[in-house]
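*Asks:* any chance you can model this:
(chains A and B)
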Amino acid sequence: MGTGKRIFLLAAVWLVLITSLHYWRNVRRVPVDTLRVGYLPITCHLLVPVSHAHLKGSDLAFEPVKFTSWPDMIEALKGGELDMTFILAPIAITLIKQGVPIKVVLLGHRDGTAVVVKKGLTSLGQLAGKTVAIPIRYSMQNLALRTLWRQAGLSLQELDAVEMAPPDMPSALASGGIWGYIVGEPYAAQAEMAGTGTVLYHMKDAWPGFISSVVVVNLDAMKRKGVKIKRLLNAFYAEARWIEHHRVEAAHFAAEMYGLPEKLIRYVLTTPPDRVSYHNIMPKEREFQFIASLMVEEGLIDSVPSVSIVDTSWFDADLVKERMGWTEGR
Amino acid sequence: MDRGTLRRRISSISGFVLLILVWEGAIRLFHVSHYKLPGPVDVGKGLLELAGSGVLLDHVIASLFRVTWGYFLAVVTAVPLGLVLGIWRGAREVINPLIQFLRPISPLAWIPIALLWLGVGDPPAIFLIFLSSFFPLVVFSMSGVESINVTYIRVATNFGLKGLELYMKVIFPAALPSIVTGLRITLGTAWLVIVAAEMIAVKSGLGYLIVDSRNSLRTDYVIGGMIVIGAIGLFLDHMIRKLEDLPGIRWHGKQR
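*Replies:* Numbering: from 1, shown residues only, chains lettered A, B, ... in the order given. Just a heads-up that it's a prediction; the model follows:
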């Protein structure tokens, strides 16, 4: 059958052609022992673009794996695809409780979250009975909103919270779909810059030292690549110190990797400068036990995990000093 | 090109022209802000930017690569399975309910499982596309066999045809029209699923382009990506329709 053979041949040629094109253009080969680090394009994960830019070409170069949603990241982490990842603190605690072999080793940053409301609104009480967006139930943003809500003397029954992808929040606010939202930067700053929303609370004022995302390490990877992971964590720690003194340059790296307007990231990092903090990013067990107990209160988990959540044994002051010297001396 | 073809071409192009006019007109009339709906000119500029930097071509290659593998894997597994089930009644009675049970589950529902089993990168995306085509293709080739005129098979067996020869010479060609219809429909579905499949942890492809542009607040790239997906879908459909019109495929007359 001539036609059959021709079709078959054509299909085979196409298969080979498209496969080789794909491998040539889109698949980057990385050394097998390269660490894979998950992140989302938000300023809470700013350590990823900054460290990636600094460490490129060095022996600590890592492969950043970009996600667009938390659930996808969770599955990749559970599947053992990531050596470490930046992830929301309540998700990390839930996973530890589920027995996923991870530990919290570092914080993404502190503060850097805000409650944004429609222009003209001035108090949380005006949101009662109106739709308010949160990123996901298992987020510190959700816990913070509920806490602030109760502190304002409002009834939780009047809180109409919906889950929404952070990039959609500013436009939903502008179009009137929601009356307010709580989110990590830069999606609070975006509404502020566009003039469609006002920041009601910065977490730096409402909840000083607020934790949003944390870095977790996969303990199976730790067994195999422990030395390298420890070195990278110390490098991250040093990079956080660098960010504090080079906010404008850091904004540049982030804008490049995230594909977001540089103006927006620079605004987040500088207006005011303590909007986000990269100081004091060492996690403390006490803080996480508190978050876990808050999660129990809100019914997100049934009890506090019986194992420790935090592990900071990787910290090595000499190594941090060495990494800082290295970064400054580039 | 004769008059009829020319007229048809003009008609089909005028639909697109109309769409662009309504689009631009609506933006001007209702003063739609740029970030809610960029105009045709902005989107065109965005597309040129993407094409000029070579990024667009890379995304197209990535998407076509995943669709090709997912779809081809479905074809080489589903068609033989359908042919066997079409003849072998006992197996069909056992397996068909399973297929009918799995078929209505959207490939999107498999995303969590795909990520857990296959990790990050091309394999889960290919797997989702495979799923979108596999079950319908089994059904199409199975019903293709079932609908074969019994006389054909009786005549063939009278002539002493058996086993593989019976399959290759009679059953497969007779079921071919139904299989080809299945191929066309499932290619459409496979392409439809590409955006969703590429929303999960890949770094390339048209679906990724859309999600990534959404995160970086570039609505013009989002719409640009949609336009490219539509155009390629149109092209794929055109190609596979040519397959349907081949003489070898219209074994017992055109049935459409």
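*Asks:* which residues touch A:M324?
*Replies:* A:238, A:241-242 (CB atoms under 8 Å, 6 or more residues apart in numbering or on different chains). Every C-beta, even on glycine, is put in place using the N, C-alpha and C of the backbone.
*Asks:* dump those to TSV, plus neighbour count and distance to B:R92.
*Replies:* Formatted as TSV, these follow (neighbours: other CB atoms under 10 Å in any protein chain shown; distance: CB to CB, whole Å):
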residue	neighbour count	distance to B:R92
A:A238	21	65
A:R241	17	68
A:W242	19	66
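*Asks:* looking at those residues, spot the one nearest chain B.
*Replies:* A:W242 (24.5 Å; CB to the nearest CB).
*Asks:* setting aside sequence neighbours, what's the nearest residue to the closest one?
*Replies:* Spatial nearest neighbour of A:W242, excluding adjacent residues (CB to CB, 6 or more residues apart in numbering or on different chains): A:T327 at 5.2 Å.
*Asks:* next one: B:E146
*Replies:* B:G86 (5.3 Å).
*Asks:* quick check: longest helix of the chain.
*Replies:* Just going to use chain A. Secondary structure of chain A read by DSSP state H shows that its longest helix is helix A:219-245.
*Asks:* oops, wrong one, chain B.
*Replies:* helix B:55-87.
*Asks:* in the next helix or strand after it, what counts as buried?
*Replies:* Following helix B:55-87 in sequence order, the next helix or strand is helix B:89-102 (DSSP states H and E). For helix B:89-102, the neighbour count (16 or more other CB atoms under 10 Å in any protein chain shown) marks B:92, B:95, B:99 as buried.
*Asks:* so what secondary structure elements neighbour the longest helix of chain A?
*Replies:* Applying 3 or more CB pairs under 8 Å, 6 or more residues apart in numbering or on different chains; DSSP states H and E, one finds that helix A:219-245 contacts helix A:47-55, strand A:84-88, strand A:102-107, strand A:213-218, helix A:317-328.
*Asks:* just checking: what are the partner strands of the fourth one?
*Replies:* Spelled out, that is strand A:213-218. strand A:84-88 (antiparallel), strand A:102-107 (antiparallel) (DSSP bridges).
*Asks:* in CSV: the ones you listed, plus mean neighbour count.
*Replies:* Formatted as CSV, those follow (neighbours: other CB atoms under 10 Å in any protein chain shown):
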stretch, mean neighbour count
strand A:84-88, 27
strand A:102-107, 25
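*Asks:* quick check: residues of the stretch 101-250 of chain B near chain A?
*Replies:* B:111-112, B:115-117, B:119-120, B:199-201, B:203-204, B:211-218, B:243, B:246-249 (CB under 8 Å from any CB of the partner chain).
*Asks:* tabulate the helices and strands packed on helix A:219-245 (TSV), appending mean pLDDT.
*Replies:* Compiled in TSV, the helices and strands packed on helix A:219-245 are given as follows (pLDDT from 0 to 100):
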stretch	mean pLDDT
helix A:47-55	90
strand A:84-88	94
strand A:102-107	93
strand A:213-218	94
helix A:317-328	82
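*Asks:* out of these, which gets nearest to A:G180?
*Replies:* strand A:84-88 (20.0 Å; CB to CB).
*Asks:* so A:V183, which of the three states?
*Replies:* For A:V183, the assignment made with DSSP: H, G, I helix; E, B strand; the rest coil gives strand.
*Asks:* ok, now which ones touch the residue nearest to A:W242?
*Replies:* A:54, A:238-239, A:242.
*Asks:* neighbours of the closest residue to A:A128 other than its chain neighbours, how many?
*Replies:* With CB to CB, 6+ apart as the criterion, A:A128 has its nearest non-adjacent residue at 4.1 Å, and that residue is A:E158. With neighbours defined by other CB atoms under 10 Å in any protein chain shown, the count for A:E158 comes to 12.
*Asks:* try the one 3 residues further on
*Replies:* Applying other CB under 10 Å, we find 20 other residues in the vicinity of A:A161.
*Asks:* quick one: residues contacting it.
*Replies:* A:131-134, A:142, A:145.
*Asks:* still on that earlier bit, now the contacts of A:M324 in a markdown table, with pLDDT?
*Replies:* A markdown table is the format used below for the contacts of A:M324 (pLDDT from 0 to 100):
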| residue | pLDDT |
| --- | --- |
| A:A238 | 89 |
| A:R241 | 88 |
| A:W242 | 88 |
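*Asks:* would you say A:Y201 is within a helix?
*Replies:* No. Judged by three-state DSSP, A:Y201 forms no part of a helix; its state is strand.
*Asks:* does residue 161 count as helix, strand or coil?
*Replies:* Just so you know, I chose chain A. The three-state label given to A:A161 by three-state DSSP is strand.
*Asks:* what separation do you get for it and A:G209?
*Replies:* 24 Å (CB to CB, to the nearest Å).
*Asks:* A:G38 too?
*Replies:* Counting by CB to CB, the gap from A:G38 to A:G209 is 24 Å.
*Asks:* please say which of those two ends up with more neighbours.
*Replies:* A:G38 (27 against 14).
*Asks:* so the more buried one: helix, strand or coil?
*Replies:* A:G38 is classified as strand under three-state DSSP.
*Asks:* now do the contacts for the closest residue to it other than its chain neighbours.
*Replies:* The shortest distance from A:G38 to any non-neighbouring residue, by CB to CB, 6+ apart, is to A:T85 (3.3 Å). A:T85 makes contacts with A:37-39, A:65, A:73, A:76-77, A:215-216, as judged by CB under 8 Å, 6+ apart.
*Asks:* hmm, who's touching the helix or strand containing A:A250?
*Replies:* Taking DSSP H and E as the definition, one finds A:A250 inside helix A:247-258. By CB under 8 Å, 6+ apart, the residues outside helix A:247-258 that reach it are A:41, A:43, A:46, A:48-50, A:52-53, A:64, A:242-243, A:260-262, A:264-266, A:268-270, A:273, B:215-216.
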